[in-house]
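Asker: Need coordinates for the below:
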Amino acid sequence: MAALLDIRLLAAVAVVGGLLAVAAVRWPTWVLPGTIALGILLTRPSAVGERLPVLGPLVVTAAAGVCLLRALRTRDVDRGPFPWPFLLLALAWAWLGLHALIAPGSEPNLATSTITVLLPVGAFYLVVRDPVLLTRVRTALVGLLVAVSALVVVALALIAVAGPTATLVGAVPLGYVYSDAGLYLPGALSYGLDPGAAFPRMLTVGREPGMGALFLGWALLAMPATFPYRRASQAVLAVALLSTQSTAGIGLLGVCLVLRVVLGRARFSPWAAGAATVGGGAIVWLAIFSPAFGLVTKAGAEGGSVDARDRATLDGLTALVTHPFTAQTTADLSSTNLVAAIAVDGAPWSLLMIAFLAAPVVRAHRREPLLYGSLFVLLTMLTAQPLAGNAGVLLLAAMSFYLVEPRAHVRDLPSYSSRDHARGEVAR
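Answerer: Predicted structure coming up:
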């Protein structure tokens, strides 16, 4: 059975590879940005990246090398934009090395994460130097997420008509190692197999539903204004995000949608603000009181995920006050969010990573869609998801930072190149 599933997985990869080859012939200018976008979706915390943690970083790093060779060939080599996020990343990694000396045994995965996180994210600087390429990477990434979400929407429709059992193909070795993902026609992944559920929790692209919701929420809120069929694509992403049944993802989506409509318009509209408040409030209400995945339901379950996250977050706050530099714990879900991670990697790591993820939020103009996509990612990592080892989240933040249109008072940040000041205009 396992061999049969491996054959199916290889066949699926072959089909995807064939489609990409056809796309390369049809749209050659999109080969490099499409490859980079695909590489981001192959890094952790994706369903594929969890099982093959080197694949995505290898693709991103190789594509970054192509960017360097192309710049050298065209003699278009300058010092590029100032690497603010990458400086924070370098400081964070320097702290991890120091933390390993201060608290021996506290960083057992430092060598692995250096290869799978630091290397691809650092190499991504070669991509952000080209604003046109970076804009295409965002469009390609959003397009891939819309395509995956469309498969989920079709799968949900088939399940509603024929039932989950009739549309279930089988289990595939994706997602967490201890739990294979379910595969439903026409190609949507679910979080394990639950025969008793009317609608399974969909993984979309993440190793677990919450991480899938993070990517979909970013794509929905950060979608460029020129994206084809923008409203329909956003609706598809919203349905797919709801199908993850992620409490944090759904609740934060409602909050960010309200902020996007209230603050992100050129002129304030009380009608639009009122409608957004009602709609966003309904989404937040669903995240709190849904009998299937609501916060109240989970909080009432003793030993559930909410209880474990609360304990881990409290441990992080305690470590911040008592021993912020020598923190070390291996408790279950100990790094479940950036606050809880203080008890694992120390306060400097969490503060630097918060600054890394907050950089595009601080830099962006209030009308910039990437502001709200980046805010969604930041709030998710602050409250519900671990960052350690997850290069895909850092790549989203780095890309957003160099694509946003800066606010007036941050336009004078030091830069190596005058092109950095025009980067936001090109992105739009």
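
Asker: Check whether residue 56 really touches residue 389, as I assumed.
Answerer: No. Residue 56 is beyond contact range of residue 389, at 11.9 Å (criterion: C-beta atoms under 8 Å). (C-beta placed from N, C-alpha, C; glycine too.)

Asker: Between these two, which has more neighbouring residues?
Answerer: residue 56 (24 against 18; other C-beta atoms under 10 Å).

Asker: so who does the more buried one touch?
Answerer: Shown in contact with residue 56 (C-beta atoms under 8 Å, 6 or more residues apart in numbering): 39-44, 46, 48-49, 120, 391-392.

Asker: Check the average confidence over stretch 112-131, would you?
Answerer: Throughout stretch 112-131, pLDDT has a mean value of 93.

Asker: buried stuff in it?
Answerer: Neighbour-count burial for stretch 112-131, with 16 or more other C-beta atoms under 10 Å as criterion, is recorded at 113, 116-131.

Asker: What is the nearest of the contacts of residue 56 to residue 224?
Answerer: Nearest to residue 224, judged by C-beta to C-beta, of the contacts of residue 56 is residue 40 at 16.3 Å.

Asker: That closest one touches residue 394, doesn't it?
Answerer: No. Here residue 40 lies out of contact with residue 394, judged by C-beta under 8 Å, at a distance of 10.0 Å.

Asker: okay, now residue 335: neighbour count?
Answerer: Counted with other C-beta under 10 Å, residue 335 comes out at 24.

Asker: who are the neighbours in contact with it?
Answerer: Residues in contact with residue 335, defined by C-beta under 8 Å, 6+ apart, are 312, 341, 343-345, 386-388.

Asker: one more time with 6 Å, if that's ok
Answerer: Neighbour list for residue 335: 341, 344, 386, 388 [criterion: C-beta atoms under 6 Å, 6 or more residues apart in numbering].

Asker: how far away is the nearest residue to the last one once chain neighbours are set aside from residue 84?
Answerer: Nearest in space to residue 388, with sequence neighbours left out and distances taken as C-beta to C-beta, 6 or more residues apart in numbering, is residue 335 at 5.3 Å. Residue 335 is 25 Å from residue 84, where distance means C-beta to C-beta, to the nearest Å.

Asker: How about residue 179?
Answerer: Residue 179 is 38 Å from residue 84, by C-beta to C-beta.

Asker: still on that earlier bit, what sits in contact with each of residue 40 and residue 394?
Answerer: Counting by C-beta under 6 Å, 6+ apart, nothing touches both residue 40 and residue 394.

Asker: so which of the contacts of residue 56 comes closest to residue 98?
Answerer: Nearest to residue 98 among the contacts of residue 56, with distances taken as C-beta to C-beta, is residue 391, at 21.5 Å.

Asker: The closest one is in contact with residue 43, isn't it?
Answerer: Yes. Using C-beta atoms under 6 Å, residue 391 is in contact with residue 43, at 4.4 Å.

Asker: what's the single longest helix in this protein?
Answerer: If you go by DSSP state H, the chain has its longest helix at helix 131-162.

Asker: which strands and helices sit next to that one?
Answerer: Under the contact definition 3 or more C-beta pairs under 6 Å, 6 or more residues apart in numbering; DSSP states H and E, helix 131-162 sits against helix 31-42, strand 188-190, helix 209-222, helix 230-243, helix 419-427.

Asker: Relative to residue 135, which of the ones you listed is closest?
Answerer: Taking the helices and strands packed on helix 131-162 one by one with C-beta to C-beta, helix 419-427 is closest: 5.1 Å.

Asker: Against residue 60, how distant is the closest residue in space to residue 173 that isn't next to it in sequence?
Answerer: Nearest residue to residue 173, sequence neighbours excluded (C-beta to C-beta, 6+ apart): residue 180, at 5.6 Å. Distance, residue 180 to residue 60, by C-beta to C-beta: 26 Å.

Asker: For these two, work out which one has more neighbours and name it.
Answerer: Ranked by neighbour count (other C-beta under 10 Å), residue 180 and residue 60 place residue 60 first, with 27 against 19.

Asker: Got the confidence number for the more buried one?
Answerer: 96.

Asker: Check which helix or strand the spatially closest residue to residue 218 that is not a sequence neighbour maps to.
Answerer: Once flanking residues are discounted, residue 218 sits nearest to residue 373: 4.4 Å by C-beta to C-beta, 6+ apart. Residue 373 belongs to helix 369-383 when assigned by DSSP states H and E.
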